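*Asks:* Below are the sequence and a predicted model; questions follow.
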Amino acid sequence: MLINLKFFFFIPRFLATGDSFTSLHYSFRLGISTISTIVKETCKVIWDELHEEFIPTPNRRRWLKIEQKFREVCQFPHCVGAVDGKHIRILKPPGTGSEFFNYKKYFLIVLMAIADAEYRFVAVDIGAYSRTNDSMIFKNSFMGRSVYNRSFDFPPPEPMPGTNGPPLPYVLVGDEAFQMAGNLIKPYSSRGLDATKQNFNYRLTRARRMVECTFGILVSTWRVFGKPIQMKIEKW
């Protein structure tokens, strides 16, 4: 029972503070390898049991609810999500060479995500190599392939609200690094913009910042993401 109570306390502490395994070892009198195994297995169980409840595969009905919130908050109709990548710093995993080494001279993995206008993740891809740019990571992820091959069950194109104009697709918004597609758009180049394009970029940026704010909330709540994470790379 005593060991179970230790498990109950040190897992939230690790995730909320980012304390090292060595620090937890001295605080809870558990071996470092034991702590490492428990953290890994517990996080896997949390994901397996809860991801369908909190990050379910989005369907057309959910995309429409997300679009309505983007329209209310950001005044950007037909937006169903903002996409970006977050670099998560890690300690060098044994036997990985330079696979996770970044131009900033440290090791990291990439958390790629789509977020809604209520600071919630809609879809995520975790663990890509840091030396790959965000656009390629997104294109190679399941959610990216679903966007580019149009199999993500987005609503069909419709005229903008309150207009009789041509049908326009529902889209994700990203920054300049992403490659445009039928359901993914990015800002105009900043050179020589007229007032209309400047206004478009402004509104797109308001929508895109939602994913950046979501990452900020994630890191401030679970501070393990703000420190180098000790991890072991292997296939489960």
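*Replies:* Looks like it came in fine.

*Asks:* could you give the mean pLDDT of stretch 39-50?
*Replies:* Stretch 39-50 shows an average pLDDT of 89 in the prediction.

*Asks:* Just the C-alphas of it, formatted as PDB.
*Replies:* Only the C-alpha atoms of stretch 39-50 are listed here, as PDB (Å, rounded to 0.1, in the frame of the first residue of the first chain):
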ATOM      1  CA  VAL A  39       6.400   7.000 -15.600                       C
ATOM      2  CA  LYS A  40       6.500   5.400 -19.000                       C
ATOM      3  CA  GLU A  41       3.900   2.800 -18.300                       C
ATOM      4  CA  THR A  42       1.600   5.200 -16.500                       C
ATOM      5  CA  CYS A  43       1.700   7.700 -19.300                       C
ATOM      6  CA  LYS A  44       1.000   5.000 -21.800                       C
ATOM      7  CA  VAL A  45      -2.100   3.900 -19.800                       C
ATOM      8  CA  ILE A  46      -3.300   7.400 -19.500                       C
ATOM      9  CA  TRP A  47      -3.100   7.900 -23.200                       C
ATOM     10  CA  ASP A  48      -4.700   4.500 -24.100                       C
ATOM     11  CA  GLU A  49      -7.600   5.000 -21.700                       C
ATOM     12  CA  LEU A  50      -8.300   8.700 -22.100                       C
END
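
*Asks:* how far does stretch 21-35 stretch from start to finish?
*Replies:* 7 Å (C-alpha to C-alpha, to the nearest Å).

*Asks:* mind listing what's buried in it?
*Replies:* By 16 or more other C-beta atoms under 10 Å, the buried positions in stretch 21-35 come out as 21, 24-25, 28, 30, 35. Bear in mind the C-beta positions are built from the backbone N, C-alpha and C, glycine included.

*Asks:* Next secondary structure after the helix or strand Ala16 falls within?
*Replies:* Assigned by DSSP states H and E, Ala16 belongs to helix 2-17. Downstream of helix 2-17, the first helix or strand assigned by DSSP H and E is helix 21-28.
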